[in-house]
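> what would the 3D arrangement of this be:
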Amino acid sequence: MEFSFLFMTKKVFKKCVIVFLLLVLAGSYIDFRSAKPTLAAPGTPPAVTWNMQGASDGNTALSLWTNYIGNFMRNQASVVALQEAGPNEPTHAPGTGREYLRGAQLAPLPEGMAAQLPPYPQTQEVRHSQWRANGVNYDVYFLQTDPNGDGWGGGRVNLAMVSQRAADEVVVIPNPLSQQTAYTARASLGLRFGSTWYFDIHALSRSSGSDAPGLLRNISMFVASRNQNEDWIAMGDLNRTPASWNQNGQSLLPAGAVIYGIGSRTQRSGNELDYFIYSGGVVPGVMVGTPSSGFNIDGGGPSDHLPIILGALQAAAEPTQIYTSYQTVESMAAGGVLDAYHNGVDFDTPIISYTRIGGAENQSWAVEQYNDGSLRFRGESSNRCISSSGVSSGAELILADCSDESSFQRWEPQYLGNNEYQLHSQIDSNLCMNVKGGQTDPNVGKDVILYDCQNTPNERWIFTPSHNSTGPSLDPIDDMRDYVPSRISLENSKNGGVMDVAKDKIDDNSAVISWHRNNGANQGWIPVWRSKDTLSFRGLSSGKCLDIHNSTDNVGPGRELVTFTCIVQESQNWRVEELDNGHVMLHSVAHPELCIDVEGGPTNPDEGNLIVYTCTGAANQQWMWTSYDPNGAPELPEDPYFPHDELFALPDPGAPSQRTAYFNSWSVYGNAFYLKDLDTNGTAAKLTTLNYAFENIDPVNLTCFAANKSGSPDESDPNGNDGASDAWADYQMSYTAGNSIDGVADNWNQPLKGNFNQLKKLKAKYPNLKVLVSLGGWTYSKYFSDVAATDTSRQKFVSSCINMYIKGNLPKIGDDPAGGSGVAADIFDGFDIDWEFPASANGHLGNHYGPQDTTNFSLLLAEFRRQLDALGGKHYSLTAALPSGPSDIDKLEVGQIASYLDMGNVMTYDMHGAWETTGPTDFQAPLFDSPFSPAYFKGLTVNDAINHYLMNGFPADKLSMGIPLYSRGWTGVPDNGKHGLYQPATGATDAYPFSQQPGVAMYKELEAAGKITDIQFDDYSKSSWIYDGSNFFSLETPETLLYKRQYIKDKGLGGVMIYSLENDPSTKLLNNALGFPTP
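Here you go, the predicted structure:
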């Protein structure tokens, strides 16, 4: 069966976004079969939807299964959704039975949703069986949705799904129009594979799919209610055209969802009714197609609907193995070989370059070649293939399920001469397989990545047999002069060490040893052939020949090898015995019973003298010809971003578009950090927005207010911050000339002093800088729920805040003359709302909260937007500090709040900290997840939080990533060989003098304490930490911030938010976070 495809044509995305999204498309089966749950993209795995127009009799319906569904599965469709699947599923496979999934065997529905299901047992159970086709058993899930026949038992308009393996979970999603349509509005059948749900939909035909929007809302609500960071694909006969989902300029699709269709008719009526809907938005390059032959929907065909295919189904040409045995793929950098890390066999196991361990199956690869000449590498131990984890330079190589369709697993070999190859990725021919940062010692494993092709030693590879020979030698021997390179390194098959003249000596009787490949001239040898199978080895650096030490003095087993002046004597000649796997043994011509041997058979390439020993064929006597070529050919232009092969660095992604930072009002006290510092240290010129923090809510009047009352530092005091406010710092404190921005001191009797007056001066000097006043924060969020509770309370609160901070009407407090009508006008350009957290118990002890907060938060923001717009004159900004925890995000109406905000600043930090008193230690702001983290797949990463917002409809260009300038720490942490990472703890680190809180340290405090020295970096999470033997601190570094700014660029995010400025007055971290890295 042949298939033709149409590419999705959607609006053009920025290149960086396309690159990021294509990362998700790696390989047809990566997400489907892996144990590691990661979000799939549409078409991974390939999916098919088809309305079979189920026949009136079961025999005809079953023939459709046999003739068509079997072909879909044979052509590598992994999920097939069927509508009008006939009255029954096919007979189950021999030796299997039918399973009835009902009740607790199905995924639970959100509260109240189950009541929408038809009140018949058959409609609330899924029949699961195995069906045999093409000699393979496939899993079939069948749901009765037809009310006809014998009481929900025999109608043909039923749903079925077929898959390559059993689903991880099954669910029946009710149709909200079920009851009012006498249960003709059909439910949806859902299967979960990994982190992706696939839903089969057959909408009502007589009402043009009027039930489809409600059914999709139920699907979206179900998936979101699970809080598992899952995505979904709905597919089927929607009985409405894609255009009909937009009505009066409004989309009826769930937030973030998009349609994938072929753009032409799929049903005899002439309409496009069959397509896919994906929760994750537009993914460029996804293929949507139809059969190119065999389906006539105008009559005479099997159905009046076309099957629609998402993802490639055409099997590539079957690869052929180009070597008769497994191969080890060796880097010319230091002799490290491609190694599945820690003998891993699971999906996502990193590929590293590591010292050869003769015969190790995790270093052994079947090299398979396709008709187009490309190669892939299938692991002997894992049966998985080497795959790129991404599409750009720096992407790591991992194990993934082998797929004929995946360009992530295909490599174009470029022969360089001397048996060496560059391996160009089919993703981008300018990217090659590369040992990250180069390698100087194979005993220290290095990641293997995609990297710009430069023909450096760490991207040149040779192929050698993996396993030591246990078979006979080849006879007659080939003439080796025809294929042995003119300059060689002689490599041992057991430990990967090469024949090396110790310490680069060039004198007679210099010792010869095993050592890892370093491309030194003392590892290069010129083969001087005496016959087709006999030669001597002349050293490149010394010009001397390999010889037996004291060769005239009773030579026996164990005699050392040395270099000596080349003379015509038999102790310098060696006869080659070629073994059945391509390895060779080297017999002394003078003493044929003795062979070149690595003494003691070590596994470390840097151990063992070379000797002659009784020939046994042991691994430490088996050798491989490998080319000696330290320079490579041809030379390629040097990449301007990476001028040194031994260094790995990302090009700087530049400054994010919007750059926001918090200035805390209390900074002027113990920290002695003033707004003038933003001028003198260059920060003000780099920011686009400055958030002045924080202002409280009057606990009685529920308004904005001013007072002079200290809050409580006691986190266990639920009422300690009621009525707290610092009008003194805000507008009563007199600045001296020395700490004033313009060098002019405040007079006691002037109406505006303090930080507000300095903000006014700062804005005068930097007119493009926006200044917002931040309301709430961790300590001042107690009464947000109250002010947001009613329309009256919202109007009152917003009006009071505008009166104080926009109109500038400040109350006079005590006998201080500061304050008055309009004295603070034109300072603030809007508000930053920092409610921590709506509808959540995760805020400060004593905060008021309830489920009503979810809607009321949206209404509060709407009221701010309404009243600010009503002021006129200019656009006043409205931003919010948003939570990063998955449960807290789910308590927001994400799409709604986005419509009111100019920017959502996601607090992508405080994921972990010393409130987890006994650990385990972890990163407070990990960019990505790590499979080694105890919090793996709990959604506690920057990437998880950002994706959570994006998938729920928050525009990327209105999101900012939060970055902390402080660290979080634990004490009593053992090393356990991990430098304290992911280890238990005894409690929080001691409080530092400025941060004054156990478990927290400002960057400047760690710097002053001399802690910023031995920084560790975790490549999985792109996070850094320091460890001193007992104390563990998670912190940002220039390296982590480089990755985060690259992420902001790749995702098309609006910007970056920094908390907070007093933590780093030297701006070492700050400048890197803002995109102005300090040299």
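> which residues touch Val598?
Counting by C-beta atoms under 8 Å, 6 or more residues apart in numbering, Val598 makes contact with 492, 494-495, 497, 514, 608-611, 620-621. C-beta here means a position set from N, CA and C on the backbone, and glycine is covered the same way.
> how about 7 Å then?
Going by C-beta atoms under 7 Å, 6 or more residues apart in numbering, Val598 touches 492, 494-495, 497, 514, 608, 610, 620.
> now for those, which pair is the farthest apart?
Lys494 and Leu610 (12.8 Å; C-beta to C-beta).
> domain assignment for this protein?
Per automatic domain parsing, the structural domains of the chain span 3-105+124-292, 320-460, 488-627, 688-897, 908-1079.
> in this protein, which residue is most central in space?
For the chain, Phe928 is the residue whose C-alpha lies nearest the centre (C-alpha atoms, centre = their mean; 5.6 Å).
> with Gln658 as the reference, name the closest of the domains of the chain.
Per C-beta to C-beta, nearest to Gln658 of the domains of the chain: domain 908-1079, 2.9 Å.
> returning to what we had before: looks to me like the residue nearest to the centre of the chain is in a helix.
No - judged by DSSP: H, G, I helix; E, B strand; the rest coil, Phe928 forms no part of a helix; its state is coil.
> what segments of the stretch 51-200 of the chain are strands?
Remark: strands assigned in the stretch 51-200 of the chain by DSSP state E, counting those that start in this stretch are 79-83, 99-102, 125-133, 136-143, 159-163, 169-173, 188-193, 196-202.
> paired strands for the fourth one, with orientation please.
Sheet pairing for strand 136-143, assigned by DSSP bridges, gives strand 125-133 (antiparallel), strand 159-163 (antiparallel).
> so which residues of the stretch 801-950 of the chain form strands?
830-834, 877-882, 903-906.
> what do you get for the stretch 201-350 of the chain?
231-237, 246-247, 250-251, 258-260, 274-278, 287-291, 308-310, 320-321, 327-331, 337-340.
> so what's Arg1045 up against?
653, 656, 1075.
> adding secondary structure, write the residues you listed out as TSV.
Formatted as TSV, these follow (three-state DSSP):
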residue	secondary structure
Pro653	coil
Pro656	coil
Gly1075	coil
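> min pLDDT across those residues, which one?
For the contacts of Arg1045, the weakest pLDDT value sits at Pro653, with 84.
> Asp146 versus Val172, what's the distance?
According to C-beta to C-beta, to the nearest Å, Val172 and Asp146 sit 15 Å apart.
> same check, this time on Gly95
30 Å.
> do Asp944 as well
41 Å.
> do the same with Pro119
16 Å.
> out of the two, which sits in the more crowded spot?
Asp146 (24 against 10; other C-beta atoms under 10 Å).
> name the nearest residue to the more buried one, ignoring sequence neighbours.
Here the nearest residue to Asp146 in space, its sequence neighbours aside, is Gly155; by C-beta to C-beta, 6 or more residues apart in numbering that works out to 2.8 Å.
> burial measure for that neighbour, as a count.
Using other C-beta under 10 Å, Gly155 has 18 neighbouring residues.
> swap in the one 4 residues further on?
Residue crowding around Leu159 was assessed by other C-beta under 10 Å; the count is 26.
> mind listing what it touches?
82-83, 85, 143, 145, 189, 200, 202.
> any chance of the residues you listed in CSV, plus distance to Ala862?
As requested, those are exported to CSV (distance: C-beta to C-beta, whole Å):
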residue, distance to Ala862
Leu82, 44
Gln83, 41
Ala85, 46
Leu143, 41
Thr145, 40
Leu189, 38
Asp200, 38
His202, 38
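> quick one, which of those are buried?
Buried subset of those (neighbour count, 16 or more other C-beta atoms under 10 Å): 82-83, 85, 143, 145, 189, 200, 202.
> could you list the low-confidence segments of the stretch 851-1000 of the chain?
Residue ranges of the stretch 851-1000 of the chain with pLDDT under 70: 931.
> swap that for the stretch 1-150 of the chain, sorry
For the stretch 1-150 of the chain, the ranges with pLDDT under 70 are 1-45, 54-63, 74-76, 134-135, 148-150.
> switch the cut-off to 50
1-40, 55-59, 149-150 (pLDDT under 50).
> and the nearest residue to His979 once chain neighbours are set aside, what's its pLDDT?
Of all residues not flanking His979 in the chain, Tyr1027 sits nearest, at 4.6 Å (C-beta to C-beta, 6+ apart). pLDDT for Tyr1027: 97.
> ok, how many other residues are close to Tyr1027?
Using other C-beta under 10 Å, Tyr1027 has 21 neighbouring residues.
> any idea how far Pro955 is from it?
Taking C-beta to C-beta as the criterion, Tyr1027 is separated from Pro955 by 40 Å.
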